[in-house]
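>>> next input, structure requested:
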Amino acid sequence: MSKRAERIVDQTGRVLGPRARTTRQNLLDATAELLARRSLRDLRVADISRRVGTSPATFYQYFKDVEDAVLRLAEQATDAMPAIVELIDGDWSEGSGLDRARSIADAFIGHWDAHRAALRIRNTASDEGDVRFQAVRRRAMGPVLEAFARQIEASRPDAAEGGEHPYAAAAALGAILERLAAYHTELEIFGVTRADLVETTARIVYRTVTGREAPAP
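This is a model prediction of the structure:
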């Protein structure tokens, strides 16, 4: 059990036991499921509680409101990011770099597929200046950008001399990954499959990190 799980509390600050944690997680899962079909504005506490088979009063034991539940979902999504950072920190040599870039693109798209509703709301709220969601987004993407910047500096020590600041290049990769992962299903109308998106994104990532052209398929 993670340290985060051990410290989960209700609205009064009481540490939750196993049954209460299960109820709380069921409410979060219901929130995510409902947000996949409707907007945050249209989602009510009563809808979430009804889906779990409990009362709004139970919901309010764990969360201030629906937005607070979405914030917790975004925090849970952030807990999965170290696995992607670990991929970035691996071997980018000519023999394995492109495969690593493919794994990163695939993992990033999979991450968004698993947490799409919460991540879209996180990013929108963050862009609108909500400091809570900004903090969660920073905690999620900061290590990713830092890992990319480290690899760019290691692979391309002269990148800055060529006009590419490693962290700016890393931020560009982060923006590409987020945007394409968020909207990849919309690209299907243009005949772009998930495999196409992974391969194309991987080649952009590989070229940016290493400064080398990716080998032909």
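>>> check contacts around the closest residue to Y206 other than its chain neighbours.
Excluding its sequence neighbours, the residue lying closest to Y206 (Cβ to Cβ, 6 or more residues apart in numbering) is A101, at 4.1 Å. (Each C-beta comes from the backbone N, C-alpha and C, glycine too.) Each residue near A101 by Cβ atoms under 8 Å, 6 or more residues apart in numbering is listed here: T201, A202, R203, V205, Y206, V209, A214.
>>> could you identify the most distant pair in those residues?
Farthest pair in the contacts of A101 (Cβ to Cβ) is T201 and V209. Separation: 12.3 Å.
>>> for D65, give its distance to S55.
The spacing between D65 and S55, counted by Cβ to Cβ, to the nearest Å, is 15 Å.
>>> any weak-confidence spans in the chain?
Residue ranges of the chain with pLDDT under 70: 1-6.
>>> could you tell me how many residues sit around the closest residue to G211 other than its chain neighbours?
Spatial nearest neighbour of G211, excluding adjacent residues (Cβ to Cβ, 6+ apart): R156 at 4.4 Å. For R156, the count of nearby residues is 19 (other Cβ atoms under 10 Å).
>>> surely R156 meets R207?
No: look at R156 against R207 with Cβ atoms under 8 Å: they stay out of range, at 10.6 Å.
>>> what's the span of stretch 183-192 from first residue to last?
11 Å (Cα to Cα, to the nearest Å).
>>> in that stretch, what's buried?
Within stretch 183-192, the residues that count as buried by 16 or more other Cβ atoms under 10 Å are H184.
>>> do the same with stretch 42-54
L43, V45, I48, S49, V52, T54.
>>> A195: which of those is nearest?
In terms of Cβ to Cβ, no member of these lies closer to A195 than L43, at 33.3 Å.
>>> go ahead and confirm the closest one touches D65.
No: using Cβ under 8 Å, L43 is not in contact with D65, being 10.3 Å away.
>>> any idea how far A175 is from G163?
Taken as Cβ to Cβ, the span from A175 to G163 is 18 Å.
>>> show me which of these two is the more surrounded one.
A175 (12 against 7).
>>> what helix or strand is the more buried one on?
Using DSSP states H and E, A175 maps to helix 166-183.
>>> A216: neighbour count?
Residues near A216, counting by other Cβ under 10 Å, number 4.
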